[in-house]
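Enquirer: Next input, structure requested:
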Amino acid sequence: MAIHNPPEERQIIKLLEKLALPESERATWVEQIQSDGLNEELAEQIHQRLTTPQSGDPHIVNRASMVLQYTQLVRRWRLVQGAKKFH
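Expert: Residues are numbered from 1 along each chain as shown. Below you'll find the predicted structure:
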């Protein structure tokens with residue numbers, strides 16, 4: 001069942017679409033976020049994949065920037081999720 005994705009999840013989806021990763025991997029992540037929402041396990045899986053060094057990656061500086069952006073978005077997502085518990 002499709003859910004309403006908060007702005008943080010939509011921004012993560014946009015960032016994932018910019019990454020130089022295999023299309024099947026990105027499509028799987030985007031589909032999971034759109035259908036079930038982001039969860040801690042998926043966030044950690046994506047983070048591990050982004051921080052794994054790729055041999056001969058010509059976009060290493062760009063990848064570092066993307067990892068930083070992703071980390072900031074996940075932190076903001078966690079903050080929003082935590083804030084919902086106090087309502």
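Enquirer: what residue ranges in the protein score low on pLDDT?
Expert: The chain contains residues with pLDDT under 70 at 1-3, 54-61, 87.
Enquirer: Can you say which helix or strand has the residue nearest the centre of it in it?
Expert: Nearest to the geometric centre of the chain sits Ile12, at 4.6 Å (CA atoms, centre = their mean). Assigned by DSSP states H and E, Ile12 falls within helix 7-18.
Enquirer: Flag every buried residue along that helix.
Expert: Neighbour counts over helix 7-18 (16 or more other CB atoms under 10 Å) mark Glu8, Glu9, Gln11, Ile12, Ile13, Leu15, Leu16 as buried. No exception for glycine: its C-beta is placed from N, CA and C like everyone else's.
Enquirer: Identify the residue nearest Arg76 in space, chain neighbours excluded?
Expert: Glu8 (5.2 Å; CB to CB, 6 or more residues apart in numbering).
Enquirer: Can you name the residues in contact with stretch 69-83?
Expert: Pro6, Glu8, Glu9, Gln11, Ile12, Leu15, Leu38, Ala43, Ile46, His47, Leu50 (CB atoms under 8 Å, 6 or more residues apart in numbering).
Enquirer: Please disregard the earlier target; I meant stretch 23-33.
Expert: Asn5, Glu9, Ile12, Ile13, Leu16, Glu17, Leu19, Leu42, Ile46, Arg49.
Enquirer: The second one and Asp36 touch, don't they?
Expert: No - with contact taken as CB atoms under 8 Å, Glu9 and Asp36 are classed as non-touching, separated by 10.4 Å.
Enquirer: which helix of the protein spans the most residues?
Expert: Longest helix in the chain, counting residues (DSSP state H): helix 60-84.
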